[in-house]
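**Student:** just the structure for this:
(2 chains)
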Amino acid sequence: MNCLRDGTDIAFHQGMKNTHILMFLFVLLLPAGLYADDQKPDVNINERYIVERVEFEGIDESKISEDLREEAQKFVGRKYNAQLANEFAEKLREQLKRRYTIDVKVDKGQKPEHVRILFNINKAPRNVTLNLKSTIKGLYHSKQGFSGLLEVVPFQDHFAFGIVSEADRLLERNAGYLIRFRQPTLGTDFLGFHIDFESYHQSFDDATITALRERADIPAFYRARQNFAPSLTFHPTQNLTLSAGLSFQRLQHQYPSLYTATAYAGTGNLQYSNDFALRDGYKQTLAVTYNLRTATDVLDSDYIYTRHLWKVDYELSRNKNRFYAHFKGGIIGGAAPLFERFSLGNSTTLRGWNKFDVSSIGGSRVAHGSLEYRYGILEVFYDVGAVWDPGKYNPVRHGFGFGLAFGKNLCVSLAFPVRLHNVAPIFMIGTRF
Amino acid sequence: MLIIVGVPRIGLWAQSQALEVEIVRDSLRISAGQLHFLSDTELERLHNGLTVNLIINLTVVTERSRSTLYQAQERFAFSFDLWEEKYSVFQSPPDGRYVSHLPAGSAEEWCLKNMPIPLDVIPDRDSFMIQLECSVEEIEKENSPEEASGLTLAKLIEYFSRKKGGKPYRWKISTGLLQLSDLKQTGKEP
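**Tutor:** Numbers count the residues shown, from 1 in each chain, chains lettered A, B, ... in the order given. Below is the predicted model of the structure:
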C-alpha cells in the first residue's frame, strides 16, 4: 500500500506498476466476479491495519455475555474487518435486547499501524413524550368470529390504554378495556415493575353455559371480571427472566343471584430464551417458560386452586426456510374459574378445530404440540393435542393446514380437523393473539 | 480549454455551484471543483474509521425531447486512513478502480474523473444537458425496541406514506444547454 503513488489510480486492465504484490492480488480478484452486481463495496483502507484492542464504552461489560466478550477478543491481533465489526455490533444489539444503540468507531492504536475498535453503547432514548404509538390486533376466525385489540401508548414504555373485544384465547369473549403501566428499570436494568388492570364484560357460548350446568365442580360463569395485577420482573442473566406478582381478580356472577367472588392469586413466571448460531447459516432459538398461578386463602381468595403451565418454543431457520416446534402442557389443581381453564382450538392451537367442539368447558389438563414449516411467507402446519379433566375421557385430536404468514403473528390460514365426518375447514385471517 | 457552465437547476440543498465539462480524448469529462459530496456527517463517519458509500448518477439528455442519451451509475466507497490521514476511494466493480492517499476534495474529483461520457453518444449539432445526481447510501435503520412485534399505527402510516423507488437523492445538479462545438478538447489526460 505504501508504494501507491499519491493520487494515482489503478485500473487492473491498464496494468499495474510499482504496486505491492498483495494489493495486486487484492484488486485483481475483485473484478473477476467475486462481487455480484447487487453487492455493495465495503472496502475500507483501514482494513490493512492490525487490531490492537477492542473496547466497550458506556456499559458495564458484565452485561455483555461471556461468549460475545470472547468473540470480541478474537479481533485482536488480526486485520480490522469492517464487515465483521458491524456483524458483531448487530449481535451485541440482539443480545442487549435492542435497549441500547451501538456505534462502531475505529481509532488509531498505540502501536504504529494498529487500530482499536470501539463499540460505543448507549441506552436507547426513552423520552416521556406524547407519541401515540398504537398496537392493533385483529383476527377473524370462521367459527369464533372477530377479535380485536387497539392499544394506545401515549407515554412510551410507561402507560398503555387499550380496548378489547376478544374471543380467541379463552373460553369467554372479553369486551372491555385495559390499562398497563411499565417501568422497565427500577434503578437497575435487572429489575422492572409492571401493573396491569383489566375490566371486561363476558359472554359465553351456549355450549359452555349448557355444559357448565352439569358440572358442579366448576365455578359458575360470570358477567364481568376485573383484574389488578402488579408484578416485579428480574433479569438475573441476559437469557433468564423471572417475574413474581399478584393477581386480584373479581368476578361478578349473575346466577343463582348477583354476587361477587374473588380469585386472588400469587403469580410467577420463569422464562429462559437463547439464540444459537449454527454452522452453514443455520440459526436456532429456544424459549422455555414455566408459569404458575396459585389462588390461596392466604390472600382471602374465594376460589382456591393452583395452575401450572409449561411451554417450549423452538425455531430453526436458514435463509427463507423456517421450522417451528411448539409444545405446551398444563395442570390445574382445585376449582379454577373458567378464565383459568385450558382450551384448545383457536388461532394457535389445534387449528382446524372449534374450541367448543373440542371441549366447551375446557379442561384442567392440557397437552399440545405443533409443528410449522415456512418458506418465505408460505406456511404449512400440523397440530396435535388434548384437553381433559381427570376421569373424563376426551380424545387426542389432530389438525393441519396451510396459509400465508407475515412476520410472527400476521397470518391467512385455512385449517382442517382430522376426523371422519364433518371435515369443515376453518378460515383465519389477521393477527394471532 | 474547458467550459464552465452555469447551474440553472439545483436539487434539494445543493449550493450554487458549477459543473465543468471538457473533452478528453474520446469522452466528456465532468468536474465540479467547488462541489463537495461529503457533508460534515459523512466526514465524521469517515474519521471514525467507517466506510461511506456514494452513489453518483450521470445523465445526458437532449434539449428538445428531453430523452436520455446516456446514463451511468457508479458506487464509490470512501474511507479515511487513520494513520496517514488521507482518503481512499474504491469504485464498485466491474471497473473496480482504486485510489488512495488523497485529500477529500481530490478524492471527490477522482470519482467524476472515472465517469467519462463517451463522445459518440453526444449529438454533433443538437444541444444537450448533463445532470449529476449524488446520494449517500444510508445505513440501514436499526430496529428500535418497539419494532420487535405487533402491527402499530406508526408502522402503517410509515408504510403507506413511503414513496416508491429508491431513497431520495441528496442533491441533483444540472448543466445549462451545451453544444459539442462549444466544448474544446484537451487532447490528453489532465
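
**Student:** so who does the closest residue to chain A within chain B touch?
**Tutor:** Using CB to the nearest CB, the single residue of chain B nearest to chain A is residue B:49, 2.6 Å away. For the C-beta atoms, the positions are set from N, CA and C on the backbone; glycine is no exception. Residues in contact with residue B:49 (CB atoms under 8 Å, 6 or more residues apart in numbering or on different chains) are A:44, A:46, A:80, A:105-107, A:115, B:79-80, B:82.

**Student:** count of residues packed around residue A:62?
**Tutor:** By other CB atoms under 10 Å in any protein chain shown, the residues close to residue A:62 number 8.

**Student:** in which helix or strand does the residue in the stretch 101-250 of chain A positioned nearest to chain B reside?
**Tutor:** Going by CB to the nearest CB, chain B is nearest to residue A:106 of the stretch 101-250 of chain A, at 2.6 Å. Using DSSP states H and E, residue A:106 maps to strand A:100-108.

**Student:** so what's the gap between that strand and the chain middle?
**Tutor:** Distance, stretch centre to chain centre, for strand A:100-108: 28 Å (CA atoms, centre = their mean, to the nearest Å).

**Student:** what's the average pLDDT for that strand?
**Tutor:** The predicted model assigns strand A:100-108 a mean pLDDT of 88.

**Student:** surely residue A:55 meets residue A:120?
**Tutor:** No - Residue A:55 lies out of contact with residue A:120 (CB atoms under 8 Å); the separation is 9.1 Å.

**Student:** what about these two, which has more around it?
**Tutor:** Between residue A:55 and residue A:120, residue A:120 has the larger neighbour count (other CB under 10 Å), namely 17 against 13.

**Student:** quick one: that one from residue A:84, how far?
**Tutor:** Look at residue A:120 and residue A:84: by CB to CB, to the nearest Å, they are 17 Å apart.

**Student:** now swap in residue A:366 and tell me
**Tutor:** Relative to residue A:84, residue A:366 is positioned 46 Å away (CB to CB).

**Student:** so these two - more neighbours on which side?
**Tutor:** Higher neighbour count among residue A:366 and residue A:84: residue A:366, with 22 against 16, using other CB under 10 Å.

**Student:** strands paired with whichever helix or strand the more buried one is part of, and their directions?
**Tutor:** In this structure, residue A:366 sits in strand A:365-375 according to DSSP H and E. Strand A:365-375 pairs in its sheet with strand A:321-334 (antiparallel), strand A:378-388 (antiparallel), by DSSP bridges.

**Student:** which residue packs closest to residue A:69, ignoring adjacent ones?
**Tutor:** Closest residue to residue A:69 apart from its sequence neighbours, by CB to CB, 6 or more residues apart in numbering or on different chains: residue A:61 at 6.6 Å.

**Student:** quick one: the one you found from chain B, how far?
**Tutor:** 21 Å (CB to the nearest CB, to the nearest Å).

**Student:** same question for residue A:77.
**Tutor:** Distance, residue A:77 to chain B, by CB to the nearest CB: 18 Å.

**Student:** residue contacts, that residue?
**Tutor:** Residue A:77 sits next to A:50-51 when contact means CB under 8 Å, 6+ apart.

**Student:** how about the secondary structure of it?
**Tutor:** Three-state call for residue A:77 (DSSP: H, G, I helix; E, B strand; the rest coil): coil.

**Student:** now do the helices in chain B.
**Tutor:** Along chain B, the segments classed as helices by DSSP state H run B:40-47, B:104-113, B:153-161.

**Student:** so which elements touch the strand holding residue A:106?
**Tutor:** Counting contacts by 3 or more CB pairs under 8 Å, 6 or more residues apart in numbering or on different chains; DSSP states H and E, strand A:100-108 packs against helix A:82-95, strand A:114-123.

**Student:** which stretches of the chain have low pLDDT?
**Tutor:** Looking at chain A here, since you left the chain open. Low-confidence segments of chain A, defined by pLDDT under 70: A:1-42, A:97-98, A:125-133, A:155-157.

**Student:** think we crossed wires, I meant chain B
**Tutor:** B:1-18, B:65, B:138-170, B:184-190.

**Student:** now stretch A:420-433: how far from the chain's centre is it?
**Tutor:** On the basis of CA atoms, centre = their mean, the separation between the geometric centre of stretch A:420-433 and that of its chain is 24 Å.

**Student:** near chain B at all, that stretch?
**Tutor:** Yes - using CB under 8 Å from any CB of the partner chain, we find that stretch A:420-433 touches chain B at residue A:431.

**Student:** which residues touch that stretch?
**Tutor:** A:136-143, A:147, A:149, A:166, A:168-169, A:346-348, A:351-354, A:401, A:403, A:409-417, B:150-151.

**Student:** buried residues in it, which are they?
**Tutor:** A:426, A:428-433 (16 or more other CB atoms under 10 Å in any protein chain shown).

**Student:** I'd like the residues you listed as TSV, with secondary structure and distance to residue A:294 appended.
**Tutor:** Formatted as TSV, the buried residues of stretch A:420-433 follow (DSSP: H, G, I helix; E, B strand; the rest coil; distance: CB to CB, whole Å):
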residue	secondary structure	distance to residue A:294
A:426	strand	34
A:428	strand	33
A:429	strand	37
A:430	strand	34
A:431	strand	31
A:432	coil	28
A:433	coil	25
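
**Student:** closest one of those to chain B?
**Tutor:** residue A:431 (6.4 Å).

**Student:** the residue nearest to residue A:120 when sequence neighbours are not counted: neighbouring residues, count only.
**Tutor:** Of all residues not flanking residue A:120 in the chain, residue A:103 sits nearest, at 4.3 Å (CB to CB, 6+ apart). Other residues within reach of residue A:103, judged by other CB under 10 Å, total 15.
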